[in-house]
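1. Pasted the sequence and its predicted model underneath.
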Amino acid sequence: MEAYRSHSKSPHLAAETLEEAVGLPEERRSPAGTARRRLGWMPFWQRYRRAGLPDYLVRHYWWAYQWGVGMWFFDHRPIINAILFGHYRVLRDAAVERVTKTAGGRILQLACVYGDLTPMLARQLRGDAPGSTPGEGFVVVDVYLPQLRLAERKCSDPRGNRSAFACMNA
């Protein structure tokens, strides 16, 4: 945190305490030795801290990546389409076409994504999609287990799933 503060151009981000950040005069600040609320980790964020999760993920993206409501909300096509300015289908289809043509039947996806990109890649490799041939394997790696479980549910195949899901920090 110290390195982050020292490189910050904003006086608010470089402040040690909330009182400094809001510009409270020295005489009105809490006396030394009393509990002061520090900037940085808010108590609300503490519940999203887990062993092995990158600090930037917990600190800045917990609301979209770890919070159950955020995971549910952002996994809907209209929301993803709005974020991508109406280009979700075009971008997804182009990515699937490009990856499946050049991957040689083996794909390593290094992060879970919202929407149906992951299940489409899995279908292509299983040979279920029109014009596709079965591939050798599809591996999805992510640092957060609930995201992996969400992707695994979307990729499930009653005839046998050739997809593998691994929880690790890539």
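-> Noted; the coordinates are in hand.
2. right, and G70 touches H76 too?
-> No. Assessed by Cβ atoms under 8 Å, G70 is found out of contact with H76, at 11.5 Å. Yep, even glycine has a C-beta here, placed from its N, CA and C like the rest.
3. Tell me which of these two has more neighbours.
-> Just comparing G70 and H76: by other Cβ atoms under 10 Å the higher neighbour count belongs to G70, 15 against 12.
4. Would you tell me what the next helix or strand after the strand or helix carrying that one is?
-> Using DSSP states H and E, G70 sits within helix 68-74. Toward the C-terminal end, the helix or strand that comes next after helix 68-74 (DSSP H and E) is helix 77-83.
5. counting residues per helix, which one in this protein is longest?
-> Longest helix in the chain, counting residues (DSSP state H): helix 88-102.
6. what mean pLDDT does that helix have?
-> Mean pLDDT, computed over helix 88-102, is 91.
7. Mind listing what's buried along the helix or strand following it?
-> From helix 88-102 onward toward the C-terminus, using DSSP H and E, the following helix or strand is strand 106-109. Under the neighbour-count criterion of 16 or more other Cβ atoms under 10 Å, strand 106-109 has 107, 109 buried.
8. Report the strands that pair with strand 106-109, each with its relative direction.
-> Within its sheet, strand 106-109 is paired with strand 137-142 (parallel), according to DSSP bridges.
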